[in-house]
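Enquirer: Can you look at this prediction? I've put the sequence above it.
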Amino acid sequence: MLPTIKWKKDHIVMIDQRKLPEEEVYVECRDHIQVAEAIEKMVIRGAPAIGVAAAFGVALGILKIEDDKHVEEEYSRIIQRLERTRPTARNLFWALERMRKIFEENRGLALSRLKQSIIKEAVNIEREDIETNRKIGHWGKSLLQDGDSVLTHCNTGALATAGYGTALGVIRAAFQEGKRISVYADETRPLLQGARLTCWELEKEKIPVTLITDNMAGYLMQKGMISTVVVGADRIARNGDTANKIGTYTVAVLAKEHGLPFYVAVPTQTIDVTLAEGSEIPVEERSAQEVREFGGRCVTLPRVNVENPAFDITPAAYITAIITEKGVCRPPYEKSLKELFKRKKRMKKDSV
Ligand code: MRU
């Protein structure tokens, strides 16, 4: 499995995703500020991987605290810095909420013991993420048929998670089961996560992949070259409206027009039960430079006006099913997602 991020006692190591596929370079972070900057600059990206990095960031932050006098205020400041990195990724806030909770549960302990429990929780978040992805793959693989050619958008693989992947995990699981699956990867402008990362991962796994530019999907669908679409998500509202990498909505509309299934694969942490619908999801705006440039070179007028929303919202009506680690949800999502969370609560209770 590919190494996305690893805890190393007093620092973390992550593969620099900005440099792939040309160079496999590893970056070390030794405090929470370095982790926050790595998330902002997209050294590490993909909602679940961002969540894991943030949890490790909190652990690095508390390791640096030497005096237990103001530990609570300092801990809050660490979390607040990490919260300001990528606003759309629900998993970021989920992981930080969990890190806040573990602090509250252990607040009476001596500082050294408190540090240990914080580190343990961050490592658990990483380990659980891999297990969760494998379960998503387990449920999702039956939705793919032998011979399917699957379109995917952005990167949702081992690199976007602690390991294995969500949408790419579903593809991986179906392929490993012996189904002949081939993949069309959207290049995913402006930062080319599809061209740079998805192709790199799939080639390593020997899963047949064909790269297309983002504007080719409609033509390929018209020609009958795509049979299914599987994507990931950064945040899903209670009604199933889904935020994912910019361009996902366009693909979903095309899939519906051509009668193709459109699946979204996510851990349940990505589902934000506090939001009723997609219009409430905060959409990150990134720098104009990302659009003006291609491969680090300006390809337009240096000061031309630019829009750069990093995500779009696909209305639930375009989504055939949402695949999670707890099972597959079908419309109406208001009801099926609610059921899923009830089941999750029951399972938690039973395991106590
Ligand atoms: O801007 P990015 O590269 O962090 O965006 C990533 C995506 O949009 C992914 O599809 C999403 O986070 C799901 S990753 C399992």
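Expert: Nice, thanks for sending it over. These numbers come from a predicted model, not from an experiment.

Enquirer: Against which helices or strands is the strand or helix carrying Lys348 packed?
Expert: In this assignment (DSSP states H and E), Lys348 forms part of helix 333-351. Counting contacts by 3 or more Cβ pairs under 8 Å, 6 or more residues apart in numbering; DSSP states H and E, helix 333-351 packs against strand 321-324, strand 327-329. Using the backbone N, CA and C atoms, a C-beta is placed for each residue, glycine as well.

Enquirer: In its sheet, which strands sit next to the last one, and in what direction?
Expert: Spelled out, it's strand 327-329. strand 321-324 (antiparallel) (DSSP bridges).

Enquirer: how about the CA coordinates for the strand it pairs with, as PDB?
Expert: Output in PDB follows, covering the C-alpha atoms of strand 321-324 (Å, rounded to 0.1, in the frame of the first residue of the first chain):
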ATOM      1  CA  ALA A 321     -26.300   5.600  -4.400                       C
ATOM      2  CA  ILE A 322     -24.000   6.700  -1.600                       C
ATOM      3  CA  ILE A 323     -21.600   3.900  -0.600                       C
ATOM      4  CA  THR A 324     -20.300   4.000   3.000                       C
END
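
Enquirer: And for it, what's in contact with it?
Expert: Residues outside strand 321-324 that contact it (Cβ atoms under 8 Å, 6 or more residues apart in numbering): 136, 139-140, 143, 170, 236, 240, 242, 261, 263-268, 271, 328-330, 333, 336-337, 340.

Enquirer: so how far is it from its chain's centroid?
Expert: Remark: strand 321-324 is offset 14 Å from the chain centroid, using Cα atoms, centre = their mean, to the nearest Å.

Enquirer: List, one by one, the residues from the protein near the ligand.
Expert: By Cβ under 6 Å from any ligand atom, the residues of the chain that approach the ligand are 45-48, 154, 156, 160-161, 166, 193, 232-234, 244-245, 310.

Enquirer: buried ones in the helix holding Lys348?
Expert: Neighbour-count burial for helix 333-351, counted by 16 or more other Cβ atoms under 10 Å, picks out 333, 336-337, 340.

Enquirer: could you dump the residues you listed to TSV with pLDDT?
Expert: TSV is the format used below for these (pLDDT from 0 to 100):
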residue	pLDDT
Tyr333	98
Ser336	97
Leu337	97
Leu340	92
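
Enquirer: With distance to Arg18 added, can I get these in a markdown table?
Expert: Conversion of the buried residues of helix 333-351 to a markdown table gives the following (distance: Cβ to Cβ, whole Å):
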| residue | distance to Arg18 |
| --- | --- |
| Tyr333 | 34 |
| Ser336 | 37 |
| Leu337 | 34 |
| Leu340 | 35 |
